[in-house]
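# Predicted model follows, preceded by the sequence.
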Amino acid sequence: MENRLKELNDTQQEAVRHIDGPLLILAGAGSGKTKTITTRLAYLLDVVGVPSSSTLTLTFTNKAAKEMRERALSMISKDGHPPLLCTFHKFGLLFLKFNIHLLNRKSNFVVIDSDDKKRILKRINPDLPTPLVASEISRYKNSLLNPDEALQQAELREYQKIAKVYAEYEAYLVENNLVDFDDLLALTYRLLDENDDLCKLTSDRYRYIMIDEYQDTNELQLRLIKKLCCSHSNICVVGDDDQSIYGWRGANIRNIVEFAKDFNDAKVIKLEYNYRSKAPILSVANALIEHNRTRVGKKLLCTKEGGEAVVMLSGADESEESQKIAFKIKELIDSGVSPSECAILYRINALSRSLEEGLNRANIPYRLVGGLRFYDRAEIKDLIGYLRVAINPHDNYSLKRIINRPKRGIGKMSIEKLELEAIRSAKSIYEYIKSASIGELELLVRKKNSQTLKKFIKQLDELQDASLRSLYSLVDKLDDLFGIRASFEAMPDGADRVQNIDEFYGLFRDFVKQRPEATLDDFLNEALLSSAQDEVEGQSIYIMSIHASKGLEFDHLFVIGLEEGFLPLVGEGSDLEEERRLGYVSFTRAKETLTLSHVQSRYYKGRRTELMKSRFFGEAGLCEASLKVEKVTAFKKGDLVRHKIFGAGRVTGISRAGREFKLNINFGGNRREILASFVERL
DNA sequence: ATGATAACAGTTTTT
DNA sequence: CTGTTATCAT
């Protein structure tokens, strides 16, 4: 352990040795953050002698939790109970399993995902836009507003409607013993807030708390953390204000910037030595982020002198851009660079298409990171639905999902009727079908369907039996009984789905083998809360969004689409400082070389749009800070342009506004001054 | 009950 | 230009 400490620099060691009282570790990109906090955890356990059961370390992703666990455990000598190191949501889940009875709810609740949530919301009110309703409800829960409070707060009629849907949604969840992702934290907070004894007990239990990626926490998480350390103040948080890129989903950069205000006598340690990138990359990243005002303020200090200058690549359009990049990557690979050390990043996923075409043309294998996650795929959710029903046949929600999958001819109408009838007789749907006679069923659904339903229930019973006997062969039984795999095999484009199903079966068997003591419920909860990010090494380069790249590093990095409107991305709710942080996060992924590209025009949403080079080039010191004449050429007097709100108009004048351009536009007699980035040329 | 066409929207994403 | 969902015939 002492040897491990010596591997750290002075500030990192200082962070490890700070034991009691609030500590903020501001860890710049590539500054050895994970190494520092995993060493700190190991130090707490091994040197200070804190019992592992007294520590709690929270992360945002399973991947981070896994990595930290492995690294911390490799450092400590003694074996015993491993420390609790998990995601916020997993912690919430565990906590609720033990304590939700205090809210008069049963501990066998089912966690629903955001798709389930939307389906429920649409059923409650199909006329409102479900994505908006879903995100508003999420906002309410994360601001700890109950439906009544949300209603009071709502001024617009539309929002009053949403608050009412919220109330019905909550009632539905309680009625069906469901819990959504936000509840895992919100209900945990509520329990701690309403039960002082429980709060004290919990805080006493976890005397040393660490939080990873603190810049991504939201209001609710902050309040939860405060509850968790109500009986002590041994709270160590790690993060980087300059890498806060989740503001749009509620993360509040204020939490990290004002940490010292929230926790008295907080110590702040800045890790500023960067061990990742060559000097030119750091100076570009530093120069860019200095333009932000809301930040604690720190600089990345160089430990790797030398290195090639950051390259700016220009192209006429997206196909030239991808062609040029493909060419450069080919050169790198030919010179012996491993493809997996190359990555291309973009601000929005829509830009991946042209890139993929270019890479395919150049025969460069690539791996697209992100996209639809494994457990979000329809076929996998079907399987999960079956397993849930095997655990609890009264789970109406899951039963409804699988009752017609694969297709058995049970349609929406039949399901609705069955549910209604079940409610009328105070039974679950399963119970109702089981107890009803064929004659009764035939009154509701067609003759053929009543037979189908009876058979279906019988099969479910068999499945449940099998689940009680042996978990290992459960998936075989599942497939034998319901022919799920075969149903996808019969579909013309079902090959991928069959592959996914096989993978799921494999994962399930592995899980049972590795954890023979675990229950089916354990498996399902783990599946739902995991993102199944397969870490692959190999002969492919990586392409992904900037968000998806956080925490990763590559020898040779390309960032495309550095144009006004794409990076920075403008639109309602956009925040230039967050865009700048996105630039910063993307640049700091690079170890050896960094190439930034922009194009003069790009196809997007079926339109070709003229684009100006991103202001970030100037801010990063990569070209003249003042805008040159060539940049104006995107617009000239007399151009026809379109604005999102005002529609089509004609440019009558051009003027400067700081680093931006202002256009005088005549929208059919209505003259306005508008920033050039808010219009597009027709 | 299910398949075909029309209308529509269209950052970033984890749990 | 895409992919997704609502609606309409069959």
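Received it, and whenever you're ready, just let me know what you need.
# my read: A:Val257 touches A:Arg293, true?
No: checked against C-beta atoms under 8 Å, the pair A:Val257 and A:Arg293 is beyond contact range at 10.8 Å. C-beta here means a position set from N, CA and C on the backbone, and glycine is covered the same way.
# show me where pLDDT drops low in the stretch 201-350 of chain A?
Across the stretch 201-350 of chain A, nothing is flagged by pLDDT under 70.
# List the contacts of the residue of it found nearest DNA strand B.
Closest contact between the stretch 201-350 of chain A and DNA strand B, by C-beta to the nearest atom of the strand, is at A:Asn349 (3.4 Å). Taking C-beta atoms under 8 Å, 6 or more residues apart in numbering, we find A:Asn349 in contact with A:370, A:545.
# still on that earlier bit, between A:Val257 and A:Arg293, which one's more packed in?
Neighbour count, other C-beta atoms under 10 Å: between A:Val257 and A:Arg293, A:Val257 has more, with 17 against 6.
# ok, stretch A:213-225 near DNA strand B or not?
No: under the criterion of C-beta under 7 Å from any atom of the strand, stretch A:213-225 makes no contact with DNA strand B; the nearest approach is 8.9 Å.
# Can you tell me the element A:Cys86 falls in?
Using DSSP states H and E, the element containing A:Cys86 is strand A:84-87.
# so where's chain A shaky on pLDDT?
A:78-79, A:530-537, A:625-628, A:630-636, A:655-661, A:677, A:681-682.
# And the longest helix anywhere in it, what's buried?
Ranked by residue count, the top helix of chain A under DSSP state H comes out as helix A:447-469. For helix A:447-469, a neighbour-count test (16 or more other C-beta atoms under 10 Å) marks A:449-450, A:452-454, A:456-457, A:459-460, A:463, A:466-467 as buried.
# Repeat that for stretch A:600-607.
Applying 16+ other C-beta under 10 Å to stretch A:600-607 flags A:600-602, A:604 as buried.
# right, and A:Arg650 touches A:Asn664 too?
No: with contacts counted by C-beta under 8 Å, A:Arg650 stays clear of A:Asn664, the gap being 9.6 Å.
# Surely A:Glu72 is in contact with A:Asp46?
To be clear, residue A:72 is Ala; Glu isn't right here. No: look at A:Ala72 against A:Asp46 with C-beta under 8 Å: they stay out of range, at 9.8 Å.
# These two: which is more packed in?
Set side by side, A:Ala72 and A:Asp46 show more neighbours around A:Ala72, with 26 against 18, by other C-beta under 10 Å.
# Name the residues that touch the longest helix of chain A?
A:386-387, A:389-391, A:393, A:403, A:408-410, A:414, A:418, A:430, A:433-434, A:438, A:441-442, A:444-445, A:473-474, A:477-478, A:481-482, A:520.
# restrict the residues you listed to contacts with DNA strand B.
A:408-410, A:414, A:445.
# Generate a PyMOL selection restricted to the buried entries among these.
In PyMOL, this line selects whichever of these come out buried by 16+ other C-beta under 10 Å:
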select buried, chain A and resi 408+410+414+445
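# Any chance of a markdown table for the ones next to DNA strand B among the contacts of helix A:447-469, columns distance to A:Phe488 and secondary structure?
Below are these laid out as a markdown table (distance: C-beta to C-beta, whole Å; DSSP: H, G, I helix; E, B strand; the rest coil):
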| residue | distance to A:Phe488 | secondary structure |
| --- | --- | --- |
| A:Arg408 | 15 | coil |
| A:Gly409 | 18 | coil |
| A:Ile410 | 18 | coil |
| A:Ser414 | 23 | helix |
| A:Val445 | 26 | coil |
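# which stretches of the stretch 101-250 of chain A form helices?
In the stretch 101-250 of chain A, the helices defined using DSSP state H, counting those that start in this stretch lie at A:114-124, A:130-142, A:147-153, A:157-175, A:181-194, A:196-205, A:219-228.
# Let me have the ones you listed in JSON lines, extended by mean neighbour count.
Listed next are the helices of the stretch 101-250 of chain A as JSON lines, based on neighbours: other C-beta atoms under 10 Å:
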{"stretch": "helix A:114-124", "mean neighbour count": "17"}
{"stretch": "helix A:130-142", "mean neighbour count": "19"}
{"stretch": "helix A:147-153", "mean neighbour count": "15"}
{"stretch": "helix A:157-175", "mean neighbour count": "17"}
{"stretch": "helix A:181-194", "mean neighbour count": "20"}
{"stretch": "helix A:196-205", "mean neighbour count": "14"}
{"stretch": "helix A:219-228", "mean neighbour count": "20"}
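# May I see those organised as JSON lines, with distance to A:Asp376 added?
Supplementary listing: those in JSON lines, determined by distance: least, C-beta to C-beta, whole Å:
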{"stretch": "helix A:114-124", "distance to A:Asp376": "7"}
{"stretch": "helix A:130-142", "distance to A:Asp376": "15"}
{"stretch": "helix A:147-153", "distance to A:Asp376": "28"}
{"stretch": "helix A:157-175", "distance to A:Asp376": "20"}
{"stretch": "helix A:181-194", "distance to A:Asp376": "13"}
{"stretch": "helix A:196-205", "distance to A:Asp376": "32"}
{"stretch": "helix A:219-228", "distance to A:Asp376": "23"}
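# Can you convert the ones you listed into a markdown table and add a column each for distance to DNA strand C?
Formatted as a markdown table, the helices of the stretch 101-250 of chain A follow (distance: least, C-beta to the nearest atom of the strand, whole Å):
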| stretch | distance to DNA strand C |
| --- | --- |
| helix A:114-124 | 7 |
| helix A:130-142 | 7 |
| helix A:147-153 | 23 |
| helix A:157-175 | 15 |
| helix A:181-194 | 19 |
| helix A:196-205 | 39 |
| helix A:219-228 | 28 |
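# contact partners of the strand holding A:Cys86?
With C-beta under 8 Å, 6+ apart as the test, strand A:84-87 has contacts from A:41, A:53, A:55-62, A:65, A:68-69, A:72, A:91, A:94, A:206, A:529.
# Next step: those residues restricted to helices.
Among the contacts of strand A:84-87, the residues falling in helices (DSSP H) are A:41, A:62, A:65, A:68-69, A:72, A:91, A:94.
# Closest to DNA strand C out of those residues?
Comparing the ones in helices among the contacts of strand A:84-87 against DNA strand C with C-beta to the nearest atom of the strand places A:Asn62 closest, at 24.7 Å.
# how many other residues sit next to the closest one?
By other C-beta under 10 Å, neighbour count at A:Asn62 equals 18.
# And for A:Ala676?
Neighbour number of A:Ala676 under other C-beta under 10 Å is 24.
# From A:Gly315, how far out is it?
In this view, A:Ala676 and A:Gly315 are 20 Å apart by C-beta to C-beta, to the nearest Å.
# just A:Tyr206 next, same as before
53 Å.
# Stretch A:326-339: which residues count as buried?
For stretch A:326-339, a neighbour-count test (16+ other C-beta under 10 Å) marks A:326, A:328-329, A:332-333, A:337, A:339 as buried.
# what's next to it, contact-wise?
Contacts of stretch A:326-339 (C-beta under 8 Å, 6+ apart): A:342, A:358-359, A:361-362, A:364-365, A:538-541, A:555-556, A:558, A:595.
# All good on my end, thank you.
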